[in-house]
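Asker: Below is the structure, and that's it, no one-letter string:
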């Protein structure tokens, strides 16, 4: 997706959270005219790094959104250079897998309170899904009360809806939550998934279990200046892997966890 479209989407999302935000007020805080900003959002004016950085901050865009915009800007510059060099077949910009994910607002963070809520949303999309509490309990290993309450909550708050044939459907195909700030609810969700990964290592030790998962790590002497670039690569790879897993008929739900942290203490 082009940089100006990504920024326009971020602006529209910010307006939902802050209805008082207007194009004129955003332009004023960005030290540019409303007309110029309008042309930036429509792709009629080029976006420079300085303006992009201001908009990232004003629109509270997280690291993934920023990386997308910067990547799109780099691709646009590259294509311009290629055209100037009269290359017969310019490189085609890749479509980020992140574009397929809906960025959720803070009012959706309750979904992270229990690990199985998001898992259940994905389970509903599987071709072998059965709207049976007993079946859900057997597939997720949760209690009957947990399965029943989760189904009711997801339907009540609109994350699951029934179609004309009364079949449950997931209303947002792919979800992700902002990563701009560290939050208790997100940290707790990540910890719950790490505990589940640990349980896999502790209790599922057969060759069959091993073949169904990948839990790996690497230690590397690192240049701190490369951390942000490495994070961007890892983020993108995670979502690309998710896109591959979603191809074809789905019958299982997998979790992709990603941990990247320093092993050394600050000097």
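Answerer: Looks like it arrived, so ask away. No experiment lies behind these values; they were computed from the predicted model shown. Numbering: from 1, shown residues only.
Asker: where exactly do the strands run in the stretch 151-267 of the chain?
Answerer: 160-162, 168-170, 175-176 (DSSP state E, counting those that start in this stretch).
Asker: Could you export those to JSON lines, including columns for mean pLDDT?
Answerer: Shown next, in JSON lines, are these (pLDDT from 0 to 100):
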{"stretch": "strand 160-162", "mean pLDDT": "89"}
{"stretch": "strand 168-170", "mean pLDDT": "87"}
{"stretch": "strand 175-176", "mean pLDDT": "63"}
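Asker: Need the winner for burial among those.
Answerer: Mean neighbour counts were compared across these using mean count of other CB atoms under 10 Å; the top stretch is strand 175-176, at a mean of 16. Glycine gets a C-beta too; all of them are placed from N, C-alpha and C.
Asker: give the contact list for residue 130.
Answerer: Counting by CB atoms under 8 Å, 6 or more residues apart in numbering, residue 130 makes contact with residue 136.
Asker: Which pLDDT value belongs to it?
Answerer: According to the predicted model, the pLDDT of residue 130 comes to 95.
Asker: again, but for residue 84
Answerer: In this model, residue 84 is scored at 45, pLDDT.
Asker: for the one 10 residues further on, same thing?
Answerer: According to the predicted model, the pLDDT of residue 94 comes to 40.
Asker: Figure out which of the strands of the stretch 151-267 of the chain is closest to residue 52.
Answerer: For those, proximity to residue 52 was assessed by CB to CB; strand 175-176 is nearest, at 21.0 Å.
Asker: which secondary element of the chain has the worst mean pLDDT?
Answerer: Sorting the helices and strands of the chain by mean pLDDT, DSSP states H and E puts strand 102-103 at the bottom, at a mean of 58.
Asker: List the buried residues for the next helix or strand after it?
Answerer: Secondary structure here is assigned by DSSP states H and E; on that basis, the next helix or strand after strand 102-103 toward the C-terminus is helix 115-124. By neighbour count, and taking 16 or more other CB atoms under 10 Å as the criterion, the buried residues in helix 115-124 are 115, 116, 117, 118, 119, 120, 121, 122, 123, 124.
Asker: dump the residue contacts of the third one.
Answerer: Residues in contact with residue 117, defined by CB under 8 Å, 6+ apart, are 111, 150, 153, 154.
Asker: and which of the residues you listed is nearest to residue 192?
Answerer: residue 111 (12.5 Å).
Asker: quick one: that closest one and residue 249, what's the gap?
Answerer: With distances taken as CB to CB, to the nearest Å, residue 111 is found 25 Å from residue 249.
Asker: Pick out whichever of these two has more residues nearby.
Answerer: More neighbours sit around residue 111 than around the other of residue 111 and residue 249, counting by other CB atoms under 10 Å; the figures are 21 against 7.
Asker: All set, thanks.
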